[in-house]
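>>> Coordinates for the following, if possible.
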Amino acid sequence: MRAALQPLPAADGVSCFLRLYLAVTEGVEQKLAGMTFADPRFLARLDVVFADLFFAAFDAGRDPPGHRPRAWVPLFELRERRGVAPLQFALAGMNAHINRDLPVALVATCSELGISPTEGSPQHADFLRVNAVLSSVEDAVKQQYLTGWLRRLDRVVHRFDRLDDVVAMWNVVRARDAAWANAEALWALRGDHALSARYLAALDRSVGLAGRGLLLPADTWLQRLARRLPFGR
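Here you go, the predicted structure:
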């Protein structure tokens, strides 16, 4: 992640997501130190498979068009859109990664380890234990995207703006719960490759649609004015 971040401009939408992803990953790693799990092998392998799906989407820019999952297309296409807050880019990336990639990673990991993504299983219990830690870390990291003099002044002038709606739309625990349910569905369909592919394609499209909604410009007149002033650039 650090190597991928290094050449990216700070305002780049993919960079905004990667900064959140890296900070959350490091924060969760610290909080999980010393905790015991029923199946640590499962969590460790899931973490790697999950991250690899993002890097596959990241590297897909070198491939012909259409090789990147549709869930990731909005973030990569709109990464330079004006008027989109860094937090919006970050949440659009989390939307694609958790709602689309996590079910795929769960199925791949379970297949590799010879287990199934069953609700109530030891693996599911471990998955839920991570939820609470992840949620607290992500909430703390998100606040870093909502600070600064302009943001404070903007909150006085505009008590509620579109960024409030964006933040309210996203809940990492609900997203991970939905990802587990989608993994169970994909697991049940794994014997029917055509139907499984159609299910994943539909999920991919719906997650991509949500990503475009998260990336609608959310700036206010004060923020647009600040960009035209020397101290706002």
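>>> now stretch 171-182, how far from the chain's geometric center?
With C-alpha atoms, centre = their mean, to the nearest Å as the basis, stretch 171-182 stands 11 Å off its chain's centre.
>>> CA atoms of that stretch as CSV?
Extracted in CSV, the C-alpha atoms of stretch 171-182 (Å, rounded to 0.1, in the frame of the first residue of the first chain):
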residue,chain,number,x,y,z
ASN,A,171,-21.6,1.7,7.9
VAL,A,172,-18.8,-0.8,7.8
VAL,A,173,-20.5,-3.4,10.1
ARG,A,174,-23.6,-3.5,8.0
ALA,A,175,-21.5,-3.7,4.8
ARG,A,176,-19.5,-6.7,6.2
ASP,A,177,-22.7,-8.4,7.3
ALA,A,178,-24.1,-8.0,3.8
ALA,A,179,-20.7,-9.3,2.4
TRP,A,180,-21.0,-12.5,4.5
ALA,A,181,-24.6,-13.0,3.3
ASN,A,182,-23.5,-12.6,-0.3
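>>> And the average pLDDT for that stretch is what?
For stretch 171-182, mean pLDDT is 93.
>>> And stretch 127-135, by the same measure?
89.
>>> buried set for it?
For stretch 127-135, the neighbour count (16 or more other C-beta atoms under 10 Å) marks 127, 129, 130, 131, 133, 134 as buried. All C-beta spots, glycine's among them, are computed from the backbone N, C-alpha and C.
>>> okay, now residue 3: neighbour count?
When neighbours are counted by other C-beta atoms under 10 Å, residue 3 registers 6.
>>> Roughly how far does it sit from residue 199?
With distances taken as C-beta to C-beta, to the nearest Å, residue 3 is found 34 Å from residue 199.
>>> just to revisit the earlier point, reformat the buried residues of stretch 127-135 as JSON lines; add distance to residue 110.
Listed next are the buried residues of stretch 127-135 as JSON lines, based on distance: C-beta to C-beta, whole Å:
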{"residue": "127", "distance to residue 110": "11"}
{"residue": "129", "distance to residue 110": "18"}
{"residue": "130", "distance to residue 110": "16"}
{"residue": "131", "distance to residue 110": "18"}
{"residue": "133", "distance to residue 110": "22"}
{"residue": "134", "distance to residue 110": "20"}
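>>> Which of the residues you listed fall within helices?
Judged by DSSP state H, the buried residues of stretch 127-135 include 127, 129, 130, 131, 133, 134 as members of helices.
>>> show me the contacts for the third one.
Contacts for residue 130 (C-beta atoms under 8 Å, 6 or more residues apart in numbering) come out as 28, 32, 43.
>>> And it, how close does it get to residue 170?
17 Å.
>>> cool, residue 193 as well?
Distance of residue 193 to residue 170, given as C-beta to C-beta: 32 Å.
>>> next one: residue 3
Taking C-beta to C-beta, one finds residue 3 at 27 Å from residue 170.
>>> mind checking which helix or strand the spatially most central residue of the chain is in?
The centroid of the chain falls nearest to residue 94 when counting by C-alpha atoms, centre = their mean (1.0 Å). Per DSSP states H and E: residue 94 is located in helix 86-96.
>>> Pull the distance from whichever helix or strand comes after that helix to the chain's centre.
Using DSSP H and E, the helix or strand that follows helix 86-96 in sequence is helix 102-113. Put simply, helix 102-113 sits 18 Å off its chain's centre (C-alpha atoms, centre = their mean).
>>> So what touches helix 102-113?
With C-beta under 8 Å, 6+ apart as the criterion, helix 102-113 contacts 41-42, 45-46, 49-50, 53, 116-117, 123, 176, 179-180, 182-183, 185-187, 190, 200, 203.
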